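Q: predicted structure and sequence below. I'll ask about it afterward.
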Amino acid sequence: MEVEAQASPGFDRRWLMLAVTTIGSFMSILDSTIVNIALPSILRGFHANLQSGQLVLTVYLLSLAVVIPVSGFLGDRFGMKRLYIITLICFTAGSALCGFAWNLPSLIAFRVLQGLGGGMLQPLGMAIVYSMITPLERGRFMALLGLPPVLAPILGPTVGGYLVEYSSWRMIFLINLPIGIMNVGLAIYLLKETNILKSARMDFHGFFLAALAFPCLLLAISRGESNGWTSPTELLLVSIGVVALVSFITVELRKREPLLELRLFRNKMFGLAMGMNFITQFSLFGLTFILPLFLQTAHRLTPAQTGLVLLPSGAATWFSMNFSGKFYNRLGPRPLAMSGLIVMVAATGLLSQIDQNTPVLAIAGLASMRGVAMGLCMMPVQTLAFNTVPRDKMSRAPALTNVLMRLFGSSSTAVLTIILVTALQFHGAPAGASITGGTAPIGPMVSAFSDALWAMCAMSVVGVCMAVFLHDEVLEELWHPKLEPVLSAAEDDHLAAAGGG
């Protein structure tokens, strides 16, 4: 990639490139959550029922699942900058068309276009960033790179709530238009094109199986509670998804140029990092799912008020990510991840004791404590994972990690939903009582939330045990003087690649 390999005197221009990709990722993830809060208004405006309206959410999710796996190949074949700009235009145009939709079918169709563009923004953005920085620089750049997946789910309900309350549901889509146009201009001016591999071959077998497996599994996980986990539709989706996934893995491991580079799991540290990513995603989505639901049912807060309560936790996460990024090369992943997960255990355990009488400020403080913990463990684990990826596989790795993140997030929400429903009945709620419907008695409801938080606490304890085994070979080469010549050669190789050879 033809960019400066080292920071130029004064301001490092690569921060501007990172800002461009961060804006795109932020827009894509925000639109995964912001529409949820506007759905009732959309249904009223189009006189549609909930079953039809769920497609507004579902088709976006399915579009993401289809395009994310193929983003690595398309980036190699056509150039990451060019593809990033095309997908950004597609996402922005889809957003504008959604804002001007005249009925529910047109909105659903435009959400597909929006999802096809939005799905590739994050993996492409990550690939662009990782191609222009060396392994030893990743820690300090990670704070901004990790901002969208942390802050966007928290801001979604807040921004969506205010737009719907004080303007119109159409504004949640139209707000992307000026931001998207600005970002397209910045991308054209600031990003540098990557090397184009005309010899790259499309893995059609893998694409077909991925297009079956991931949408079916994501749809089954996200709609299992509403459809019923044992319903014929749910069982069919799970069966197709599992069979296609097993076939996909078998095919990909035999391919010379696979769609998703599953062979990265042969590195134990990459596999361990992905396992810990599931734990951090479980905690992150637990925060953005459990606490808003609790505040809106037990404390009767509006979605906008709920977002303001949780907003400090996003800021706390960002500050702790900056801290861990600054000290990653000195300390390595183990102490940072372990300290973050220990704080996570403590904060989640305290949150499990809250009830309808707990002051909102106390809840915001504990949520912020969890935010600090999240930033301490997420950044080191993510940096470690990409430090295990060979240079020639770097363009494909973000597609794999983004697919896993989508699966992790959806499965986390599904597991927590099952825990809430089961615990509600266990603690004596009458049959048919619903937390979201507002019919659950306060006592059993608070106990159910407590059980879900204890489950998150137990998951964090598992994470602490896993963190004991973390180590970064790139840093170990830096710390041992006898390996300095080897490290210098490796670094020169990375810098030469970042500078275009």
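A: Arrived safely.

Q: residue 101 contacts residue 113, correct?
A: No: look at residue 101 against residue 113 with CB atoms under 8 Å: they stay out of range, at 11.2 Å. In short, each C-beta sits where N, CA and C put it, glycine included.

Q: quick one: buried residues of stretch 463-470?
A: For stretch 463-470, burial by neighbour count (16 or more other CB atoms under 10 Å) applies to 463-464, 466-467, 470.

Q: export that stretch to CSV, keeping only CA atoms.
A: Only the C-alpha atoms of stretch 463-470 are listed here, as CSV (Å, rounded to 0.1, in the frame of the first residue of the first chain):
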residue,chain,number,x,y,z
GLY,A,463,-12.2,-15.4,30.4
VAL,A,464,-9.8,-14.7,33.3
CYS,A,465,-8.7,-18.3,33.2
MET,A,466,-8.2,-18.2,29.4
ALA,A,467,-6.2,-14.9,29.7
VAL,A,468,-3.5,-16.7,31.7
PHE,A,469,-2.3,-18.4,28.5
LEU,A,470,-2.1,-15.2,26.3
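
Q: neighbouring contacts of that stretch?
A: Residues outside stretch 463-470 that contact it (CB atoms under 8 Å, 6 or more residues apart in numbering) are 269, 272-273, 275-276, 279-280, 332-334, 337-338, 341-342, 344-345, 377, 380-381, 384.

Q: domain map for this structure?
A: Domain assignment of the chain by automatic domain parsing yields the ranges 1-201, 204-254, 263-470.

Q: which one of those domains lies closest to residue 477?
A: For the domains of the chain, the distance to residue 477 is smallest for domain 1-201, at 9.7 Å, taking CB to CB.

Q: packing partners of the helix or strand residue 323 falls within?
A: Taking DSSP states H and E as the definition, one finds residue 323 inside helix 303-331. Applying 3 or more CB pairs under 8 Å, 6 or more residues apart in numbering; DSSP states H and E, one finds that helix 303-331 contacts helix 138-145, helix 147-166, helix 268-298, helix 333-351, helix 360-387.

Q: what element comes up after the last one heading to the C-terminus?
A: Read it as helix 360-387. Per DSSP H and E, the first helix or strand lying C-terminal to helix 360-387 is helix 397-426.

Q: helix or strand right after that following helix?
A: Under the assignment DSSP H and E, the closest C-terminal helix or strand after helix 397-426 is helix 442-467.

Q: could you list the residues in contact with stretch 443-458?
A: Contacts with stretch 443-458, where a contact means CB under 8 Å, 6+ apart, come from 282-283, 286, 290, 293-294, 297-298, 345, 348-349, 351-356, 415-416, 419-420, 423-424, 426-429, 433, 435, 440.

Q: for PyMOL, what selects the buried ones among these?
A: Restricted to buried positions by 16+ other CB under 10 Å, the PyMOL selection for these reads:
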select buried, resi 282+283+286+290+293+294+297+298+345+348+349+351+352+354+415+416+419+420+423+424+427+429+433+435+440
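
Q: identify whichever of the helices and strands packed on helix 303-331 lies nearest to residue 46.
A: Here helix 147-166 is closest among the helices and strands packed on helix 303-331 (CB to CB), at 14.6 Å.

Q: how about the helices of the stretch 51-200 of the chain, start to end?
A: Using DSSP state H, counting those that start in this stretch, the helices found in the stretch 51-200 of the chain span residues 71-78, 80-99, 104-131, 138-145, 147-166, 171-174, 176-190.

Q: to residue 265, which of those helices lies closest?
A: Among the helices of the stretch 51-200 of the chain, the nearest to residue 265 by CB to CB is helix 71-78 (15.8 Å).

Q: what's the closest one packed up against?
A: Using 3+ CB pairs under 8 Å, 6+ apart as the contact test, the elements touching helix 71-78 are helix 80-99, helix 104-131, helix 397-426.

Q: highest average neighbour count across those?
A: Among those, helix 104-131 has the highest mean neighbour count (mean count of other CB atoms under 10 Å), at a mean of 24.

Q: which regions of this structure lie under the pLDDT threshold?
A: Counting by pLDDT under 70, the chain shows low-confidence ranges at 1-11, 50-52, 143, 157, 225-226, 285, 303, 436-437, 481-501.

Q: ok, and what's touching stretch 71-78?
A: Stretch 71-78 is contacted from outside by 83, 119-120, 123-124, 127, 194, 196-198, 200, 202-203, 257, 259-261, 395-400, 402, using CB under 8 Å, 6+ apart.

Q: mind checking how far the nearest residue to residue 308 once chain neighbours are set aside is from residue 320?
A: Residue nearest to residue 308 in three dimensions, not counting chain neighbours: residue 158, with 6.3 Å by CB to CB, 6 or more residues apart in numbering. As judged by CB to CB, to the nearest Å, residue 158 and residue 320 stand 21 Å apart.

Q: kindly report the same for residue 181.
A: Using CB to CB, residue 181 is found at 33 Å from residue 320.

Q: and these two? Which one has more around it.
A: The residue with more neighbours, out of residue 181 and residue 320, is residue 320; 24 against 14, by other CB atoms under 10 Å.

Q: from what I can see that one touches residue 339, true?
A: No: between residue 320 and residue 339 there is no contact under CB under 8 Å: 10.0 Å.

Q: any shared contact partners between these two?
A: Counting by CB under 8 Å, 6+ apart, the residues touching both residue 320 and residue 339 are residue 376.

Q: from what I can see residue 115 touches residue 63, true?
A: Yes: using CB under 8 Å, residue 115 is in contact with residue 63, at 2.7 Å.

Q: contacting residues around stretch 239-257?
A: 73, 200-201, 203, 205-206, 209-210, 212-214, 216-217, 220, 258-260, 262-263.

Q: make it 10 Å
A: 69, 73, 76, 197, 199-203, 205-221, 258-263, 265-266, 396, 400, 407 (CB atoms under 10 Å, 6 or more residues apart in numbering).

Q: need the buried ones from the residues you listed selected in PyMOL.
A: The PyMOL selection below is limited to those of the contacts of stretch 239-257 classed as buried (16+ other CB under 10 Å):
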select buried, resi 69+73+76+200+203+205+206+207+209+210+211+212+213+214+215+216+217+218+219+220+221+258+259+260+261+262+396+400+407
